[in-house]
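Student: no sequence for this one, just the structure:
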């Protein structure tokens, strides 16, 4: 179980769309305003976890055309969220990003987040510690994952808030928002490259 918990920590804390968007929205809009979005991420990641544990994700992702369509949707939505972070507090471009996305946006991000499926699949199918008690293993894995997921995402959200509280010049703040948005796009590009290289 300790090896599993360590793997959960390392896989979840690494930057992906969820933690990067939590930090980005925390920086742009503050802790309380972005908390609903992080709650949405929490609900979404548990829906992905259930889909992986039940085998539904494997069935859906085994259909090549559907898998490609979901990947395209993922790229579009993550690009939209990246733009929202990049343009927060700005009237530039096609988005006037006055407020952070809410619960639904967080849920949707996780449902189309390639990292969420990859992480959950590797954690659910690997690190077996109760081969004769499937239900016990799945329930304890879910509890451990959530016990680690919650503080990590709140810490990333708070890190974004701290950046905002530093009262950096507007130009610097926009540069940080752009960096977070670009990092999100980078994660998407890596996911696409990985998916295409496996075909």
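Tutor: It's in. None of these values were measured; they are calculated from a predicted model.
Student: And the helices in the chain?
Tutor: For the chain, the helices defined by DSSP state H occupy 2-13, 17-29, 31-54, 56-61, 64-86, 103-111, 114-125, 134-165, 170-197.
Student: where does the protein dip in pLDDT?
Tutor: 88-100, 187-188, 190-199 (pLDDT under 70).
Student: Next one: the residue of it most remote from its centre relative to residue 63, how far apart?
Tutor: Distance from the centre of the chain peaks at residue 132, with 31.9 Å (CA atoms, centre = their mean). Distance of residue 132 to residue 63, computed by CB to CB, to the nearest Å: 33 Å. Using the backbone N, CA and C atoms, a C-beta is placed for each residue, glycine as well.
Student: One more: residue 128?
Tutor: For residue 128, the distance to residue 63 equals 27 Å [CB to CB].
Student: Residue 28 reaches residue 164, doesn't it?
Tutor: Yes. Look at residue 28 against residue 164 with CB atoms under 8 Å: they come within range, at 7.3 Å.
Student: Pick out whichever of those two has more residues nearby.
Tutor: It is residue 28, of residue 28 and residue 164, that has more neighbours when counted by other CB atoms under 10 Å, with 28 against 18.
Student: From the helices of the chain, pick the one with the highest average neighbour count.
Tutor: The highest average neighbour count among these, using mean count of other CB atoms under 10 Å, belongs to helix 17-29 at a mean of 28.
Student: what packs against it?
Tutor: helix 31-54, helix 64-86, helix 103-111, helix 114-125, helix 134-165, helix 170-197 (3 or more CB pairs under 8 Å, 6 or more residues apart in numbering; DSSP states H and E).
Student: Residues contacting the fourth one, please?
Tutor: Think helix 114-125. Here helix 114-125 makes contact (CB atoms under 8 Å, 6 or more residues apart in numbering) with 4, 7-8, 11-12, 16-18, 44-45, 48-49, 52-53, 57-58, 61, 71, 74, 110, 138, 141, 145, 187-188, 191, 194-195.
Student: can we see that at 7 Å?
Tutor: The contact list for helix 114-125, computed with CB atoms under 7 Å, 6 or more residues apart in numbering, reads 7-8, 11-12, 16-17, 45, 48-49, 52-53, 57, 74, 110, 141, 145, 187, 191.
Student: now do the third one
Tutor: Residues from elsewhere that reach helix 103-111 (CB under 7 Å, 6+ apart): 17-18, 21, 36-41, 43-45, 47-48, 77, 81, 116.
Student: repeat that for 8 Å
Tutor: 17-18, 21, 36-45, 47-48, 77-78, 81, 116.
Student: quick one: that helix to helix 114-125, angle?
Tutor: Interaxial angle, helix 103-111 versus helix 114-125 (axes from the mean of the first three to the mean of the last three CA atoms, to 10 degrees): 60 degrees.
Student: same deal with the fifth one?
Tutor: Counting by the same axes, to 10 degrees, helix 134-165 lies at 150 degrees to helix 114-125.
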